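Student: this one's structure only:
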C-alpha cells in the first residue's frame, strides 16, 4: 500500500511540474506575441503624427504636389513605383540628368522638421535640398544647402571634398556627417532635417550627424572657403524660406515616407 501511495505521489509531482512548465511556455509565447508590433504603414501618418501637426508630402501613389524645378509639370525622368518617388537612372551620371531634372514640392517652407527615407543604387548620387529658390537657367544647387545622398562605397565623390564632407548625410562639400552611419546601396536610410530660425540639424538613421547655423559669421567664412562662391557669389545668403527638392544626378534613387512638420 505504501508503495502504491509513493507511486501516486510521484506521479502527481511530475504532473504538477509538467503543467507549470506548459503554463510557463504558453506565457512566454504570449509575451512574445505582445511584444511583436505591426510595421508602420508606408507613406502614411500615424494618429499621433497627425495630432502633432505632421503633413505627408508624398502619398505613395501619385506625384501630387511635386513638379520639376523651374518647370510646371512632373518630369518624365521620375516615376511613382512601389510606393516610392523613383529617379530613373540613365547610366551616364550628371549628363543623363538632363532627361529628368530635379524635382521640388510646390510649397515653400521656413521653419520645419523634415523626415524621409532614401535608397540609392550602386555607385549612385543624389541629394536633398531645402530653402531652395527657383532662378531661371540655374540648377537648384546654386541656391540651396544640400544633404548628400550617396553610395559611399562605390561613388568617387565619397573620397573627394574634405574629411568626408561629400559622403552620405553630410552638408554637401561643407560639413561631414559624424558618425558616418549610412547603409550600403540598395538599403533604406532614414533621415531628418530640422531647420529652425537658422539652426539646422541633420540626423541619419536615428543619430545626429551634424549641426550648423545659417547667416552667422562662421557660416559665411565656411562658405567662402568652399567651391560655391565660384558659381554663385551670394550663395552664403541662403533664403529664409524656400522649396524642398530631390536631385536627379542621372542615377537610380528612391524616396518614400516624405513628411514635414511646419514649425512657424
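Tutor: The structure has been received and is ready for your questions. Every value quoted in this text rests on a predicted model; they were computed, and no experiment measured them.
Student: How much space separates residue 244 from residue 90?
Tutor: Separation of residue 244 from residue 90 (C-beta to C-beta, to the nearest Å): 24 Å. C-beta: built from backbone N, CA, C; applies to glycine.
Student: now do residue 181
Tutor: Counting by C-beta to C-beta - residue 181 and residue 90 are separated by 29 Å.
Student: Tell me which of the two has more neighbours.
Tutor: residue 90 (19 against 14; other C-beta atoms under 10 Å).
Student: isn't the more buried one right up against residue 250?
Tutor: Yes - with contact defined as C-beta atoms under 8 Å, residue 90 and residue 250 form a contacting pair (5.0 Å).
Student: give the contact list for residue 110.
Tutor: Residues in contact with residue 110, defined by C-beta atoms under 8 Å, 6 or more residues apart in numbering, are 195, 240-241, 264.
Student: 6 Å - rerun?
Tutor: Neighbour list for residue 110: 241, 264 [criterion: C-beta atoms under 6 Å, 6 or more residues apart in numbering].
Student: count of residues packed around residue 200?
Tutor: Residue 200 has 22 nearby residues by other C-beta under 10 Å.
Student: what residues are up against it?
Tutor: By C-beta under 6 Å, 6+ apart, residue 200 lies in contact with residue 212.
Student: Adjacent strands (with direction) for the helix or strand harbouring it?
Tutor: Using DSSP states H and E, residue 200 falls within strand 199-204. Strands that pair with strand 199-204, judged by DSSP bridges, come out as strand 189-196 (antiparallel), strand 207-213 (antiparallel).
Student: Okay, buried residues for that strand please.
Tutor: Residues of strand 199-204 classed as buried by neighbour count (16 or more other C-beta atoms under 10 Å): 200, 202-204.
Student: And stretch 183-196, by the same measure?
Tutor: For stretch 183-196, burial by neighbour count (16+ other C-beta under 10 Å) applies to 183, 185, 189, 191-195.
Student: Determine which two of the buried residues of strand 199-204 are furthest apart.
Tutor: The distance between the two most remote of the buried residues of strand 199-204 (C-beta to C-beta) is 13.6 Å, for 200 and 204.
Student: From the contact counts, what lies against the helix or strand in which residue 259 is found?
Tutor: Per DSSP H and E, residue 259 falls inside strand 253-262. The contact analysis (3 or more C-beta pairs under 6 Å, 6 or more residues apart in numbering; DSSP states H and E) places strand 253-262 against strand 54-56, strand 84-87, strand 112-120.
Student: what's the first one in contact with?
Tutor: For strand 54-56, contacts defined as C-beta under 6 Å, 6+ apart pick out 45, 259-261.
Student: can you redo those residues as a markdown table with distance to residue 65, pLDDT and neighbour count?
Tutor: Putting the contacts of strand 54-56 into a markdown table (distance: C-beta to C-beta, whole Å; pLDDT from 0 to 100; neighbours: other C-beta atoms under 10 Å) gives the following:
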| residue | distance to residue 65 | pLDDT | neighbour count |
| --- | --- | --- | --- |
| 45 | 15 | 97 | 16 |
| 259 | 12 | 98 | 17 |
| 260 | 11 | 98 | 21 |
| 261 | 16 | 98 | 16 |
